[in-house]
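>>> Sharing a sequence plus its predicted fold:
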Amino acid sequence: MHGVNADGYLQVSGDDARRVARELARAEGIFGGFSAGANVAAALQLLAGEMRGRTIAAVICDSGLKYLSTDLWNA
């Protein structure tokens, strides 16, 4: 996309991505996959630090269906 720049990136562990994806399903009814968990985990990291008190939007574009046979849901 022309004119769009990224300000940076955050690394999120696989364990954090799994934990947050499971929490999204349990607490919010959002059945997402690894990327959903990673995106929200990164947003939570920002909100705990430099973005405290601000608003962050996260778009969750996948579902957890394709992960049913993986360790995401076999806990």
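Structure received.

>>> Quick one: the helices in this structure, in order.
Here the chain has its helices, by DSSP state H, at 14-23, 34-48.

>>> Could you dump these into JSON lines and include mean neighbour count?
Placement of C-beta: from N, CA and C, glycine included. Listed next are these as JSON lines, based on neighbours: other CB atoms under 10 Å:
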{"stretch": "helix 14-23", "mean neighbour count": "18"}
{"stretch": "helix 34-48", "mean neighbour count": "19"}
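
>>> Turn those into a markdown table, including distance to residue 66.
Output for the helices of the chain, formatted as a markdown table (distance: least, CB to CB, whole Å):
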| stretch | distance to residue 66 |
| --- | --- |
| helix 14-23 | 12 |
| helix 34-48 | 10 |
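
>>> Low-confidence regions, this structure specifically.
1-5, 73, 75 (pLDDT under 70).

>>> Tell me which of the helices of the chain lies nearest to residue 55.
helix 34-48 (8.9 Å; CB to CB).

>>> mind saving the C-alpha coords of the closest one as CSV?
Output of helix 34-48 as CSV, limited to C-alpha atoms (Å, rounded to 0.1, in the frame of the first residue of the first chain):
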residue,chain,number,x,y,z
PHE,A,34,-2.5,-18.3,16.5
SER,A,35,-2.3,-15.0,14.7
ALA,A,36,-5.3,-13.6,16.5
GLY,A,37,-3.7,-14.6,19.8
ALA,A,38,-0.4,-13.0,18.8
ASN,A,39,-2.0,-9.8,17.6
VAL,A,40,-3.9,-9.3,20.8
ALA,A,41,-1.0,-10.4,23.0
ALA,A,42,1.1,-7.7,21.2
ALA,A,43,-1.7,-5.1,21.8
LEU,A,44,-1.8,-6.1,25.5
GLN,A,45,2.0,-5.6,25.7
LEU,A,46,1.7,-2.1,24.3
LEU,A,47,-1.2,-1.3,26.6
ALA,A,48,0.9,-2.4,29.6
